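Chemist: here is my input; please provide its structure:
(chains A and B)
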Protein chains: 2
Amino acid sequence: MSNGGCSDLETGSTFMPRYDAQGLMTGIAIDAESKEVLMIAFMNAEAVARTRETGLAHFHSRSRGRLWLKGETSGHFLRVQEILVDCDQDALVMLVKPEGPACHTGARSCFYRRLVGNRLEAVQN
Amino acid sequence: MSNGGCSDLETGSTFMPRYDAQGLMTGIAIDAESKEVLMIAFMNAEAVARTRETGLAHFHSRSRGRLWLKGETSGHFLRVQEILVDCDQDALVMLVKPEGPACHTGARSCFYRRLVGNRLEAVQN
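Modeler: Numbers count the residues shown, from 1 in each chain, chains lettered A, B, ... in the order given. As a prediction, the model looks like this:
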């Protein structure tokens, strides 16, 4: 039975999210079907809790200093189907079904450019 | 022709990595073949430069406060095949060919558990 001890962090079955000094962890949204990385943003405890409660990806906007429901303006919500947790529990992968482009630029994914030499080139989407 | 101006950040072809107040951006390693998320860690300018120079994923270890060549101890290097840059250029996706388990626990990916209710369950790998 877990006592929430240190060794449990990597091998245990207890969810013990670890936030950094700013109270944040990294959240990565992956298209559950295509496996494409859609976006990455930071999550605090509130964002993690709201994501789990609602099934919609929430983040913490560092620029606005507040909870951010992805799609709150655009309607392009990310419906979370599964959450994966990494070894030291400071990052989450969310497998999502996107309800529209994930990027505010209108691109399906925020990662729409590849680095070639010192230049960025458009990725085929 | 790009002048490196602000609008260029999202639409341009100039690589203008944006590091946070700690000098860091997020780096995500994805298996180029299976598309599985392998690991996530932070990169500073030095880590980005060394990754590009060598073709091997480098990160910045916050706990050790130094450059970290992934695999420097284990030999499990991540050979970078492609680097994707996100819209605001503060996160990189590296499509890699892993030379062994990416996780220090021996797991292929650091994301070997899923969150089910309040518990973590092993993901089939």
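Chemist: now do the strands in chain A.
Modeler: According to DSSP state E, chain A carries its strands in the segments A:25-31, A:37-43, A:58-61, A:66-69, A:78-85, A:91-98, A:113-116, A:119-122.
Chemist: mind putting those strands into CSV with mean neighbour count?
Modeler: All C-beta atoms are positioned from the backbone trio N, CA, C, and that covers glycine. Output for the strands of chain A, formatted as CSV (neighbours: other Cβ atoms under 10 Å in any protein chain shown):
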stretch, mean neighbour count
strand A:25-31, 23
strand A:37-43, 24
strand A:58-61, 20
strand A:66-69, 16
strand A:78-85, 20
strand A:91-98, 22
strand A:113-116, 18
strand A:119-122, 14
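Chemist: adding mean pLDDT, write the ones you listed out as JSON lines.
Modeler: Listed next are the strands of chain A as JSON lines, based on pLDDT from 0 to 100:
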{"stretch": "strand A:25-31", "mean pLDDT": "98"}
{"stretch": "strand A:37-43", "mean pLDDT": "98"}
{"stretch": "strand A:58-61", "mean pLDDT": "98"}
{"stretch": "strand A:66-69", "mean pLDDT": "98"}
{"stretch": "strand A:78-85", "mean pLDDT": "98"}
{"stretch": "strand A:91-98", "mean pLDDT": "98"}
{"stretch": "strand A:113-116", "mean pLDDT": "97"}
{"stretch": "strand A:119-122", "mean pLDDT": "96"}
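Chemist: columns distance to B:Arg108 on top of those, output as TSV?
Modeler: Output for the strands of chain A, formatted as TSV (distance: least, Cβ to Cβ, whole Å):
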stretch	distance to B:Arg108
strand A:25-31	16
strand A:37-43	18
strand A:58-61	27
strand A:66-69	32
strand A:78-85	13
strand A:91-98	14
strand A:113-116	24
strand A:119-122	30
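Chemist: dump the ones you listed to TSV, plus distance to chain B.
Modeler: TSV is the format used below for those (distance: least, Cβ to the nearest Cβ, whole Å):
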stretch	distance to chain B
strand A:25-31	6
strand A:37-43	5
strand A:58-61	12
strand A:66-69	14
strand A:78-85	4
strand A:91-98	5
strand A:113-116	4
strand A:119-122	5
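Chemist: out of these, nearest to B:Glu53?
Modeler: Among those, strand A:113-116 comes nearest to B:Glu53, with 12.9 Å by Cβ to Cβ.
Chemist: quick one: closest of the strands of chain A to B:Val123.
Modeler: Nearest of those (Cβ to Cβ): strand A:78-85, 6.6 Å.
Chemist: and for A:Ser74, the neighbour number?
Modeler: When neighbours are counted by other Cβ atoms under 10 Å in any protein chain shown, A:Ser74 registers 14.
Chemist: contacts only, for it.
Modeler: By Cβ atoms under 8 Å, 6 or more residues apart in numbering or on different chains, the contact list for A:Ser74 reads A:100-101, A:104.
Chemist: any idea of the pLDDT on it?
Modeler: Predicted confidence (pLDDT) for A:Ser74: 96.
Chemist: can you give me phi and psi for it?
Modeler: In terms of degrees, to the nearest 10, the main-chain angles of A:Ser74 are phi -80, psi -20.
Chemist: from chain B, how far off is it?
Modeler: Using Cβ to the nearest Cβ, to the nearest Å, we find A:Ser74 at a distance of 14 Å from chain B.
Chemist: and that residue, how far is that from A:Met16?
Modeler: Separation of A:Ser74 from A:Met16 (Cβ to Cβ, to the nearest Å): 33 Å.
Chemist: now A:Asn118
Modeler: 42 Å.
Chemist: pick out whichever of the two has more residues nearby.
Modeler: For A:Asn118 versus A:Met16, neighbours defined as other Cβ under 10 Å are more numerous around A:Met16 (15 against 9).
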